[in-house]
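Asker: Build me a model:
(4 chains)
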Amino acid sequence: MTASTLSLACWAIILGDLILLGAGRMRHLLLLTAAQGLLLGLVTVGVSPGIEGYIVAGAVATLKGGIFPWLLWRTMRQVGTSEIVEPFMGLGTSILVGLGGLGLALWIDARLLLPIAAPPLLMPAALTTVLAGLVLIVLRHKALTQVIGYLTMENGIFLLGTPLAGHDAMWIELLILLDLLVAVFVMGIAIHHIRRTFDSIDVDRFCSLRD
Amino acid sequence: MVWWVLGSLTAGAVVSAMAGRSRLGAILGPAVLVAACAVGLGLTLSNAPEGWTIPLPVGAGALRLDALTRWFLLPLFAGGAVVGCYGVGYLHHAVGHRHLGGHWGMVLLLFLGMSLVFLADDGFVFLLGWEMMSISPFFLVAWEDTEASVREAAWEYLVAAHLGGAALVVGFALAAVPGGWSFAAMRTALPGSPLATAALLLWMLGCGAKAGLLPAHVWLPEAHPAAPSHISALMSGLMVNTGIYGLLRGLELAGLPGAGAGAALLLIGLATALYGALQAMVQTNAKRILAFSTVENMGLIVLGIGTGLLGLAHGQEVTAWLGFLAALMHLFHHSLFKSLLFLGVGVVLETTGTVHLNELGGLAQRLPWTSRCMAVGVATGAGIPPFCGLIGEVLLFAALATGVGFPDATARALMAGGFVGLALVSGLILAGGVRLFGILMGGAPRSAKAQTAKEPSWSMRGPAAILAASCWLAAIAAPLVLGLALPAAGVLLGTAPDLTPVVRMVAQIAQVALVVTAVLVVLFLARRALPGHADARSFRTWDCGFAAPTPRMQYTAFGFAHPLWRAIGRITGSQVMVRLGHGYFPAHGEVVVSTADPIRGVWSRLFEAVRLGCDALKWFQHGRIQLYVCTLAAVLLGLLLWQLGW
Amino acid sequence: MLVLSWILALVLAPLLFGIINRIKALMAGRRGRPLLQTYFDLAKLVRKGVVVSPTTSWVFRLGPMLAVAGPLVALALLPYAGRPGLWSFPMDFVVLAYVLALPRLGTMLAALDTGSSFEGMGASREAAFGALAEPGFLAALLAAAPQSGLRLEEIAAAQDLFHSGGALVCLALLLLLLVENARMPVDDPNTHLELTMIHEVMVLDHSGPELAAITFGAALKLWVFAALLAALALPLERMAPLPAFGAHLVGTFGVAAVVGMVESLTARLPLPRVPAFILSGTACGLVVLLMEVGGGR
Amino acid sequence: MPIALVVLPALAGILALLLANDALRRGLLVATALAHLSLLLATAATATGDPHALFALDAPGLLFLGLASVLFVATSIYAVGYLRAERTDERPDFVAGVVFRNAPERVFTACLLFFLAAMSLVCLTRHLGLLWVGVECTTLASAPLIYFHRHHRSLEATWKYLLICSVGIAFALMGLLFLNYASLGLSGSLHLDRLLADAPTMHPVWLKAAFLFLLVGYGCKMGLAPMHHWLPDAHSEAPSLVSALLSGALLNCAFLGIIRGHQVCAAAGLAPFSGGMLVLLGLVSLGTAAVFVVGQGDFKRMLAYSSVEHMGLLALALGTGGSAALSGMLHTINHSCTKAALFLLSGNILALYHTKSSYDARGLFRTLPITGVLWMLGFLSITGTPPFGTFVSELGIIHGLLAQGRWGVATITMVCLAVIFVGMSSAVARMVHGPKPRYLGGIAREDLSSVGPSAFLVAVVLLLGIVQPEGLRWLVAAAMRVASGMEEGLW
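Answerer: I've put the predicted structure just below:
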């Protein structure tokens, strides 16, 4: 895979992040996450070729591009939540924050040079994705969106780790993916319970524990 | 022998706590206490070997028995045995339905702690003993824990004890920095080091809180009255001594620092003494009066220490010796008479159910033994011959008087100020003592509670009588007592200069006491020979022509203090509010006296401010998960930006 | 000599009241009662029976004994005619003050023991004024003490009326004498209005030999103060023993005469202003002490 | 084989899911706990350290795993009585006005065992990636535990725990990547011994960044302020025995993650940097705990904030190094035992009074005498009062701070400790004394399983204040040397 393709993929990821922040429907959110997972697999293959790279990329693409969104999709259907993403302070604010995050990521990238040959946009793309995930967690009402945000964050972190794939034992990354699978599973169960107990998955109802 | 004492106290505490509500629990503790105290007294007075070690996690765990320790152990064990006997009688009605075993277990723990404090030869053992001694009274004070005020007092005690202890912990941790935890190492490494000043300040804070020095005294007038009376006697008569001991030991370890510490201690002591005396003058709860009297006496003792240090700093050895001797002697006497007074008030509480002066009166008729013992206690406290209180006060006066001749003008002024202040304090003590005894014991009962007062069993009368007798004996045998105090002061001051004038002075004061006793005996015999002794007619008190006086018309506790309160006592924060009835036929009017301690008010405002501050910061745990995650990210980002200098 | 002085004090103390009263009478242009009236009163009281209130206890009977015992022992501490007393040791002036507190303690406790509101009032005032007077007394004596010694004997030797601070010391002691002995302008020994009395109101319930003891004790106490003041004011130690003895005696009576004159010339102060009066006495002592401290010895 | 320590509880957990008999399953829980402890002892006694192995015990690992194992034994014994007494039907919470029931017991037991397995993994592994996996597993295994009572408040706590800790640990994962970047061109492995070997030549900026990520990430899990927000909620809403494990064992495991980072930093000569950060967060934690303990009406939240305080102390001690770090390692033992005992006792109190308010749960000395006494002793211990071991370790930390001349840090620490004491004492004094509340009817005797474990733990801490066994002293010293990067200290 050529460097330009890689950098195109990074661009796509960055743009995806911004669209993610502006998405108003849950369905779109899930689709975008899935797309991001697939892109992640693509980048993994591009950055670390070889059999290990392929295995990891395959696992990433399957899990992040397929299974996780599917799990969340199922959860969303089962809890019967509305399609609307409920943001704090409007979607525009999220996009603005995302743009700010991109700026921050570029700024950090300029100061922290990767000690490895990697696509030039990898670092900003990864950091932007992490920040976008954080924004999804912080600036959304629904528990489900928070899980999506968490996954997005993890996507970013994985993106950051792609140049390292194959440097250390591959099974570690697989284990980490497995862990994430369990995490999404457990969170999904928790969302079921939240729905049953609160008649809603709006985390703003979580206000009884405070000082 | 030391192991017998410590071991029996430890084992006794454990077994007694296990014995619980059974009869064994009621008797085992005091029995062990008396036995341990007897052995301890033997140890104190014998020529026991000087040092021992126990393995402990930190430090060497060393114990040592030097003259200073012996001096402090003496009242501890003597008082412990007496108070133990008293406690059996005081708590007899609780046998079977209260957890007496636990109570006595805590008393034993308290004694274990105090013994360890006195015996400690390294910082860790000292702290260990100190905290054991500090914590156990929390449970003892809260004996009547169904009353909210007692619970409050116990908690205040705990907080004060712990905060004071914390100051000591840091103090010793500082002192251990250069050489380690053992006292020997501190003695060599500490003097002259800049750490010594800091450590000493912390020691003064911690020990001052324990001894009830201004402004850390506020817990004492709450906790001592709330405790059962034998515990009050222990705390006020014996436990406060540990504060003084800690201070003295700290001074010794820091190499007896110079004029600054002396002046500070002198001023703190004087302020404490004056404040305590004034408060004792205006309070109306007998146990609070005694507690403030403890504050005042601790002030006097610290005044002595400060004087001694000043003397040392200016090269006046005699003044130094007089100051420290005065402190040591007065401490011993205070242990005797304050325990005695608390035991006496305990009898009053036991038989009448109250210690509020305005509800009492007429007890001298009803409690002849107790009232006589109390009279001795009051007279001793006021330094009236022929009782021992005089000796410490004269020594203190002497120390200050010699200081008026110092070459250094500041020191002279301090000494003269101390002298005059001390004179004022001694006048106030007499007035306060008369007030306490006169209102409590004299006149007619002011309420039905006092009407039916009866003398308690001998187990309560006996200990008081023993202490009263000791108050007299300690005066008559003052030269002997001084003989024990001299080596104790020597631990601090080294070899003594020529002290024969001091020794002779004390001997002569003892003679004065003896002669006063003789004169009184002669007068007593002479009175029997004169008419009107046995055949006195009885007629009601002179009532100025008003035919229907009631006991309520007697002078009240605050009324008695009113002239002094008006003259110099407003600093106590007491207030008199007169509420008159209104209208043409005003029906009901009242006078309300509040005796709140203003310094306590300052502390409670401080605590309140901390609480409010904390409450104001509690929004941080606001409950919104999104913001929590936001904080997490912000902290990370902030640390990155700050630390990597981007 | 010492024994003689002691016996003289015992015998002559009640005479002081006679002298004061005679001076007052003379100043007022009256004849006054006999000089020896106090002796007659004492003799009469000793033979009388006793009435006690059923409210009282052993404390009431103890009071008068303390009232006598204190001044009796105090006499032994007094230097006499330039010679030391029976005891003379450093800081004996402090012990003197404490011994002199015995009668105060006794009368106050006895007064409170009667349960009378009037006697409580007297005790309350006595307690307050005594407490305020104590620092003055001790400060004055400390100020008067020479650098070399802190005994009464040396204090008496070092001071006289005509030396630097001596006059002020003597003035302080005189004022405190008036306070301690319940004289005008602090207290009116002749008043019969209970609301204004201090000392007299405390002894209202005493009768017979016990009242005699209190009266005698008061006389002795006045004697102790007067003799002390005389010893301080006069340069007795520079005289030969016999003239000194005489001079001391005359001085003691002279103090009584001064008291009498003060009593005739002043009016009784309102009670709330008494503390200020006492503090003025204390202040005299403090001024001398301050000068000592400030100037260095 | 050290790996057996992970496998054993994991298998037992699966078995627990399959078992239908409650009594049998409870027996399995205790048996596994005991087996785990004995296996650990056997491993510690026999295993030889292979620095390149994936699983090996080093001193801090042994210390923390030993603690976890001992606490697990204590809690499992407690759990037997607890589970027997718990009602399985629906019951009302009158205050909140809701009806709730418990999660199935088999899930609870299984998750307990999985939790133990995850903690064992964290303590045993020498590979930082695997350590991360372990820490994430502890979160996932303990989340259902917190939600044992299917009450809306426990659900809220569970969600917060799950999400905040997951995000935090995601940061830690980023930290690992940064660490990997820092060692790029060297061995490039996340195996601890490789990292230690590479450390001196690592890229310092990347290393620093990596440490900060690890610190914030694992610090979140450990409960260091200001990342502690989940902790009071989770601890107060979880069943008491779970709170005991969370506070006594789990927080240490997260601390181990930070220790590993500190080790690498120290090996790279960056100990002043990482230590400084630890001290800073430690102080913030102490201050936060002080703020929230004062006036705290909920006694379980109070204990939770006390955990924040002690985690702060541990971080402070490790960051300070020297004798303070030594005492810090000792402090982990004291804190874990005391805090676990206190949480177990709070379960007894909760079971009787049905309230977590210290204003309502009064008169413990009369209603629950043994629990009351132990509660008081535990309080004294947790506030560092002699003769408890906590005093020795806190004294050591203060002494260590002073010996290094860190007067300001020592002062702040002492002030915070004092404020915390005042805050806690007012609640505890309120609870132990006073008359028996009138609404309580007849009171059952306290059985052995409810007070025995706490009594044992308190006794251990008491003994540690008076004697320190030679072996323990050695272990603590080794752990301190390892944690400060002075030696590898493999078993």
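Asker: hang on, isn't A:Ala23 packed against A:Leu29?
Answerer: Yes: if you go by Cβ atoms under 8 Å, A:Ala23 and A:Leu29 touch, sitting 5.0 Å apart. All C-beta spots, glycine's among them, are computed from the backbone N, C-alpha and C.
Asker: Which one of the two is surrounded by more residues?
Answerer: A:Leu29 (27 against 23; other Cβ atoms under 10 Å in any protein chain shown).
Asker: ok, that one touching A:Val85?
Answerer: Yes: between A:Leu29 and A:Val85 there is a contact under Cβ under 8 Å: 6.4 Å.
Asker: Now do the shared contacts for these two.
Answerer: Counting by Cβ atoms under 8 Å, 6 or more residues apart in numbering or on different chains, the common neighbours of A:Leu29 and A:Val85 are A:Ala23, A:Thr145.
Asker: what do A:Ala23 and A:Leu29 both touch?
Answerer: Residues touching both A:Ala23 and A:Leu29 by Cβ under 8 Å, 6+ apart: A:Val85.
Asker: any bit of the lowest-mean-pLDDT helix or strand in chain A sitting next to chain B?
Answerer: Using mean pLDDT, DSSP states H and E, the weakest-scoring helix or strand in chain A turns out to be helix A:170-198, at a mean of 82. No: judged by Cβ under 8 Å from any Cβ of the partner chain, helix A:170-198 stays clear of chain B, getting no closer than 11.7 Å.
Asker: So for that helix, what gets flagged as buried?
Answerer: A:170, A:172-173, A:175-180, A:183-184, A:186-188, A:190-191, A:193-195, A:197-198 (16 or more other Cβ atoms under 10 Å in any protein chain shown).
Asker: now do stretch D:293-308
Answerer: D:293-296, D:298-308.
Asker: Does chain A have contacts with it?
Answerer: Yes: contact between stretch D:293-308 and chain A is present through D:Gln296, D:Arg301 (criterion: Cβ under 8 Å from any Cβ).
Asker: what's the average pLDDT for that stretch?
Answerer: Averaging pLDDT along stretch D:293-308 yields 92.
Asker: how about that stretch, does it reach chain B?
Answerer: Yes: applying Cβ under 8 Å from any Cβ, one finds stretch D:293-308 touching chain B at D:Val294, D:Gly295.
Asker: hang on, B:Val125 packs against B:Val58?
Answerer: No: using Cβ under 8 Å, B:Val125 is not in contact with B:Val58; the gap is 9.5 Å.
Asker: Which one of these two is surrounded by more residues?
Answerer: The neighbour count for B:Val125 versus B:Val58, taken as other Cβ under 10 Å, is higher for B:Val125 (27 against 23).
Asker: Give me the contacts around stretch D:357-370.
Answerer: If you take Cβ under 8 Å, 6+ apart as the criterion, stretch D:357-370 is touched by B:99, B:145, D:296-299, D:302, D:348-349, D:352-353, D:355, D:371-373, D:375, D:427-428, D:430-437, D:440, D:443, D:446, D:451, D:455.
Asker: The one helix or strand D:Pro453 maps to - what's its average pLDDT?
Answerer: Counting by DSSP states H and E, the element that carries D:Pro453 is helix D:448-466. What helix D:448-466 shows for mean pLDDT is 91.
Asker: Can you give the distance of the least confident helix or strand of chain A from its chain's centre?
Answerer: 14 Å (Cα atoms, centre = their mean, to the nearest Å).
Asker: Likewise for stretch C:218-232?
Answerer: Distance of stretch C:218-232 from its chain centroid, counting by Cα atoms, centre = their mean, is 6 Å.
Asker: Now do the contacts for whatever residue of the stretch 301-450 of chain B ends up closest to chain D.
Answerer: Nearest residue of the stretch 301-450 of chain B to chain D, counting by Cβ to the nearest Cβ: B:Gly353, 19.1 Å away. Residues in contact with B:Gly353 (Cβ under 8 Å, 6+ apart) are B:Lys449.
Asker: what about A:Ala3, distance to A:Asn155?
Answerer: Separation of A:Ala3 from A:Asn155 (Cβ to Cβ, to the nearest Å) stands at 21 Å.
Asker: of these two, who's got more company?
Answerer: A:Asn155 (28 against 12).
Asker: Any stretches of the chain with poor pLDDT?
Answerer: You didn't pick a chain, so chain A it is. Applying pLDDT under 70 to chain A picks out residues A:1-2, A:115, A:117, A:165-169.
Asker: could you do chain B instead?
Answerer: Flagging of chain B using pLDDT under 70 yields the residue ranges B:59, B:547, B:646.
Asker: Would you mind splitting it into its domains for me?
Answerer: For chain B, automatic domain parsing gives the domain ranges B:1-205+B:213-237, B:256-524+B:556-571, B:598-643.
Asker: Please confirm that A:Leu8 is located within a helix.
Answerer: Yes: applying DSSP: H, G, I helix; E, B strand; the rest coil, one finds A:Leu8 inside a helix.
Asker: State the distance from it to chain D.
Answerer: Distance, A:Leu8 to chain D, using Cβ to the nearest Cβ, to the nearest Å: 23 Å.
Asker: Tally up the residues packed near that residue, please.
Answerer: 15.
Asker: residues contacting the nearest residue to C:Pro79 once chain neighbours are set aside?
Answerer: Spatial nearest neighbour of C:Pro79, excluding adjacent residues (Cβ to Cβ, 6 or more residues apart in numbering or on different chains): C:Glu153 at 4.4 Å. By Cβ under 8 Å, 6+ apart, C:Glu153 lies in contact with C:Pro79, C:Arg83, C:Pro84, C:Gly85, C:Ser88.
Asker: Please render those as CSV that adds distance to B:Val404, neighbour count and pLDDT to the earlier fields.
Answerer: Formatted as CSV, the contacts of C:Glu153 follow (distance: Cβ to Cβ, whole Å; neighbours: other Cβ atoms under 10 Å in any protein chain shown; pLDDT from 0 to 100):
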residue, distance to B:Val404, neighbour count, pLDDT
C:Pro79, 21, 26, 87
C:Arg83, 26, 18, 82
C:Pro84, 22, 19, 84
C:Gly85, 23, 21, 83
C:Ser88, 20, 17, 86
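Asker: Out of those, flag the one nearest to B:Phe406.
Answerer: Nearest to B:Phe406 among the contacts of C:Glu153: C:Ser88, at 24.5 Å, using Cβ to Cβ.
Asker: is it fair to say that closest one lies in a helix?
Answerer: No: C:Ser88 is assigned coil when assessed by three-state DSSP, not a helix.
Asker: pretty sure B:His466 contacts B:Val82?
Answerer: Quick fix: residue B:466 reads Ile, not His. Yes: B:Ile466 is in contact with B:Val82 according to Cβ under 8 Å; the separation is 5.7 Å.
Asker: The two - which one has more neighbours?
Answerer: Per other Cβ under 10 Å, whichever of B:Ile466 and B:Val82 has more neighbours is B:Val82, with 26 against 20.
Asker: secondary structure element for that one?
Answerer: Using DSSP H and E, the element containing B:Val82 is helix B:67-90.
Asker: what do you get for B:Ala223?
Answerer: helix B:220-226.
Asker: The residue lying closest to A:Val47 once chain neighbours are set aside: neighbouring residues, count only.
Answerer: Nearest non-adjacent residue to A:Val47, counting by Cβ to Cβ, 6+ apart: A:Thr162, 4.5 Å away. For A:Thr162, the neighbour count with other Cβ under 10 Å is 28.
Asker: Can you name the residues that contact B:Gly113?
Answerer: The neighbours of B:Gly113, taking Cβ under 8 Å, 6+ apart as the test, are B:Leu128, B:Gly129, B:Trp130, B:Glu131, B:Met132, B:Met133, B:Ser134, B:Ser136.
Asker: Could you identify the most distant pair in the residues you listed?
Answerer: Within these, B:Leu128 and B:Ser136 form the most distant pair, 12.7 Å apart (Cβ to Cβ).
Asker: More neighbours: those two, which one.
Answerer: Higher neighbour count among B:Leu128 and B:Ser136: B:Leu128, with 26 against 23, using other Cβ under 10 Å.
Asker: ok, of the buried residues of stretch D:293-308, which one's closest to C:Leu249?
Answerer: Of all the buried residues of stretch D:293-308, D:Val294 has the smallest distance to C:Leu249: 75.0 Å, by Cβ to Cβ.
Asker: Having no further points to raise, I will conclude here.
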